[in-house]
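K.L.:
This is a predicted model, with the sequence first.
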Amino acid sequence: MKITIDIDDEILADAMRLTGETKKGPAVVKAAREFVRRQMAREFGRKVMEGEFGDYPMTNDQIEDFDR
C-alpha cells in the first residue's frame, strides 16, 4: 500500500542509519515492523505477568533451563 507521510528529516535519517537501509521506503517499513514486533512482545509479557495464561505449563525456572 502506498501512502504519503511527513517525517522529520533527522528522524528519517536515524531510521535509515539504524535499519541499515539506504532507501527511505524500506527504512520506514523496517522501522514500523520492528516497532510492531516490540509492542507485541511487550503486550505478551504483560499478559504473562498478569497471569492471563493461567494454565501455562512451565515455570520461569523451567523456561530459563529450556533456553540454555
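P.N.:
Happy to help now that I have it.

K.L.:
can you pull the contacts of residue 31?
P.N.:
Residues near residue 31 by CB atoms under 8 Å, 6 or more residues apart in numbering: 15, 18, 19. No exception for glycine: its C-beta is placed from N, CA and C like everyone else's.

K.L.:
now that we have the residues you listed, which one has the most neighbours?
P.N.:
residue 15 (20 neighbours; other CB atoms under 10 Å).

K.L.:
Quick one: neighbours of residue 61, just the number.
P.N.:
8.

K.L.:
And the pLDDT for it?
P.N.:
Per-residue pLDDT puts residue 61 at 80.

K.L.:
show me the residues around it that make contact.
P.N.:
By CB under 8 Å, 6+ apart, the contact list for residue 61 is empty.

K.L.:
I'd like the numbering to begin with 846 instead of 1 from here.
P.N.:
New numbering, starting at 846: the last item is residue 906.

K.L.:
and it, what element?
P.N.:
Taking DSSP states H and E as the definition, residue 906 sits inside helix 905-912.

K.L.:
okay, that helix in PDB with CA atoms only?
P.N.:
Output of helix 905-912 as PDB, limited to C-alpha atoms (Å, rounded to 0.1, in the frame of the first residue of the first chain):
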ATOM      1  CA  ASN A 905      10.100 -19.400  35.000                       C
ATOM      2  CA  ASP A 906      12.900 -21.700  36.100                       C
ATOM      3  CA  GLN A 907      11.800 -24.300  33.500                       C
ATOM      4  CA  ILE A 908      11.700 -21.700  30.800                       C
ATOM      5  CA  GLU A 909      15.200 -20.500  31.700                       C
ATOM      6  CA  ASP A 910      16.500 -24.000  31.700                       C
ATOM      7  CA  PHE A 911      14.900 -24.700  28.400                       C
ATOM      8  CA  ASP A 912      16.600 -21.600  26.900                       C
END
